[in-house]
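*Asks:* Structural data only, the sequence is not supplied:
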């Protein structure tokens, strides 16, 4: 096992994905010790095609991102299944599956995070809205403006969650724990 000082001196690149059947967000960050910077963020769009064509477009787009930015790990948001919309969850799971497949084909370790865990890690509330996530990502990456579109910001949030929950403990032996304040 590597020593913490060796790990801290290494640069780690993580790609995060916010899966979607129409729009899949991606965000690539680079971590060097306590410094985290934006490398690239964007979307893979697959509208108006059959399910099979959409999945092929997503898979191809994700592979292009991985090949272009050569991350060391992948972080992906898990599917949130709402009882009222089971079909939507199943369709989203298809997109998530081809993203995971692309990661494994590239030899990446794939790390999975629940949406409320991502929100809680960055904002302190598992029920944060998209605008709150965008502002949190802006703050974390010291960006001049909140990242757009929201799908790319969500993907960056997933990558940042991977940094805080997986890489940071390796680098420094601790992780950030957010405590929500309660209002009386």
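*Replies:* Nice, thanks for sending it over. Bear in mind the structure is a predicted one, so any value in this text is a computation, not a measurement. Numbering: from 1, shown residues only.

*Asks:* and the gap between residue 134 and residue 41?
*Replies:* Using C-beta to C-beta, to the nearest Å, one gets 11 Å for the distance from residue 134 to residue 41. Yep, even glycine has a C-beta here, placed from its N, CA and C like the rest.

*Asks:* Can you check which residues contact both of the two?
*Replies:* Common neighbours of residue 134 and residue 41 (criterion: C-beta atoms under 8 Å, 6 or more residues apart in numbering): 147, 153.

*Asks:* Can you show me the helices along this protein?
*Replies:* Assigned by DSSP state H, the helices in the chain fall at 4-9, 51-69, 86-105, 115-122, 130-140, 150-162, 168-172.

*Asks:* Go through these and pick out the most buried.
*Replies:* Counting by mean count of other C-beta atoms under 10 Å, helix 150-162 has the highest mean neighbour count of those, with a mean of 27.

*Asks:* Show me the contact partners of that helix.
*Replies:* 14-18, 20, 23-29, 36, 38, 41-43, 73, 75-77, 111, 113, 117-119, 121-122, 130, 133-134, 136-137, 140-141, 146-147.

*Asks:* 6 Å instead?
*Replies:* 14, 16-18, 23, 25-27, 29, 41-43, 75, 77, 111, 113, 118, 121-122, 130, 133-134, 137, 140, 147 (C-beta atoms under 6 Å, 6 or more residues apart in numbering).

*Asks:* tell me how far stretch 150-158 is from the chain's mean position?
*Replies:* Remark: stretch 150-158 is offset 6 Å from the chain centroid, using C-alpha atoms, centre = their mean, to the nearest Å.

*Asks:* ah, wrong one, I meant stretch 76-90
*Replies:* The answer for stretch 76-90 is 17 Å, by C-alpha atoms, centre = their mean.

*Asks:* Likewise for stretch 10-22?
*Replies:* Distance, centroid of stretch 10-22 to centroid of chain: 4 Å (C-alpha atoms, centre = their mean).

*Asks:* Can you name the residues bridging to the closest residue in space to residue 40 that isn't next to it in sequence?
*Replies:* In this structure, residue 40 finds its nearest non-sequential neighbour in residue 28, 4.7 Å apart by C-beta to C-beta, 6 or more residues apart in numbering. For residue 28, the beta-bridge partners are residue 15, residue 40 (DSSP bridges).

*Asks:* tell me the contacts of residue 28?
*Replies:* Residue 28 neighbours (C-beta under 6 Å, 6+ apart): 15, 39, 40, 69.

*Asks:* confidence score at residue 177?
*Replies:* pLDDT for residue 177: 48.

*Asks:* Oops, could you answer that again for residue 124 instead?
*Replies:* We have a pLDDT of 82 for residue 124.
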